[in-house]
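Enquirer: kindly generate the corresponding structure for this input.
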Amino acid sequence: RPAKNIPKDHILIVGQMPDDEVVDGFSFRGHFDRLKMIVEKVKDLEYPLVVKLHPSFKLRGKQKDIVDKWIQDGIDVRTAFESIHDFLPHTRVAIIDNSTAGLECLMHEVPVISYGYPEYHWATQKMQSMTQLRGFVQDLSWWKRQHCRRFIYWYINDYLCYDLESTKRRLNGLIES
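Expert: Model prediction:
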């Protein structure tokens, strides 16, 4: 459903399912712990903070307490099925582990800081330690819009749709299912 009341020029932190293969198998365990550290590192910057948790993630116990505290601290936490495309036109920078939402960010030409190793890492600022995060968020001079455009062009035209016949088969399969 459409998202409402989205703050302008916000920092978007995208949460994933903590046990998902792309964050628990391609990265190290502890996605929610990393998310918590990221929120703590940037929550006092001059930009509004939006934490968009995966809509299927069920908050319980300690994690629910942490998210409730974020909300009490004035952080905009989203847990519902809201389209990320509503957020991206208002996003200053996105911080992502290894989510395909990063591709959507790049399609909207939103700078992405990745702390996992997504397939689109070539077009992001790769964060290797938490000490880098505040600087990357405050100074976007690392962002190269042209790299983003080239990556998206390659991804769509050479990776996803590398020839007409396979593209037709894929589209037909999607339409028929």
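
Enquirer: would you map the helices across the chain?
Expert: Under the criterion DSSP state H, the chain contains helices at 21-24, 31-42, 61-72, 84-87, 101-107, 133-138, 145-154, 164-176.

Enquirer: how far out from the middle of the chain is the longest one?
Expert: By that I understand helix 164-176. Using C-alpha atoms, centre = their mean, to the nearest Å, the distance from the centre of helix 164-176 to the centre of the chain it belongs to is 28 Å.

Enquirer: got a list of contacts for it?
Expert: 160, 161 (C-beta atoms under 8 Å, 6 or more residues apart in numbering). The C-beta positions use only the backbone N, C-alpha and C, and glycine is treated the same way.

Enquirer: again, only using 6 Å
Expert: For helix 164-176, the surrounding residues in contact (C-beta atoms under 6 Å, 6 or more residues apart in numbering) are residue 161.

Enquirer: what do you get for the second one?
Expert: By C-beta under 6 Å, 6+ apart, the residues outside helix 31-42 that reach it are 11, 13, 15, 18, 23, 63, 66, 95, 130, 133, 137.

Enquirer: and the least confident of these?
Expert: Looking at the contacts of helix 31-42, model confidence by pLDDT dips furthest at residue 23: 53.

Enquirer: now residue 62: how far from residue 69?
Expert: Between residue 62 and residue 69 the distance is 11 Å, computed by C-beta to C-beta, to the nearest Å.

Enquirer: repeat for residue 96
Expert: Residue 96 sits 22 Å away from residue 69, taking C-beta to C-beta as the criterion.

Enquirer: and the two? Which one has more around it.
Expert: Taking other C-beta atoms under 10 Å, residue 96 and residue 69 do not tie; residue 96 has more neighbours (24 against 12).

Enquirer: assess the claim that that one and residue 102 are in contact.
Expert: Yes - taking contacts as C-beta atoms under 6 Å, residue 96 lies within contact range of residue 102: 4.6 Å.

Enquirer: mutual contacts of these two, please.
Expert: The contact sets of residue 96 and residue 102 overlap at residue 112 (C-beta under 6 Å, 6+ apart).

Enquirer: quick one, which of the contacts of helix 31-42 are buried?
Expert: When burial is judged by neighbour count using 16 or more other C-beta atoms under 10 Å, the buried members of the contacts of helix 31-42 are 11, 13, 15, 18, 23, 63, 66, 95, 133, 137.

Enquirer: any chance of those residues in a markdown table, with distance to residue 34 too?
Expert: Converted to a markdown table, the buried ones among the contacts of helix 31-42 look like this (distance: C-beta to C-beta, whole Å):
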| residue | distance to residue 34 |
| --- | --- |
| 11 | 15 |
| 13 | 10 |
| 15 | 10 |
| 18 | 10 |
| 23 | 9 |
| 63 | 13 |
| 66 | 13 |
| 95 | 10 |
| 133 | 11 |
| 137 | 16 |
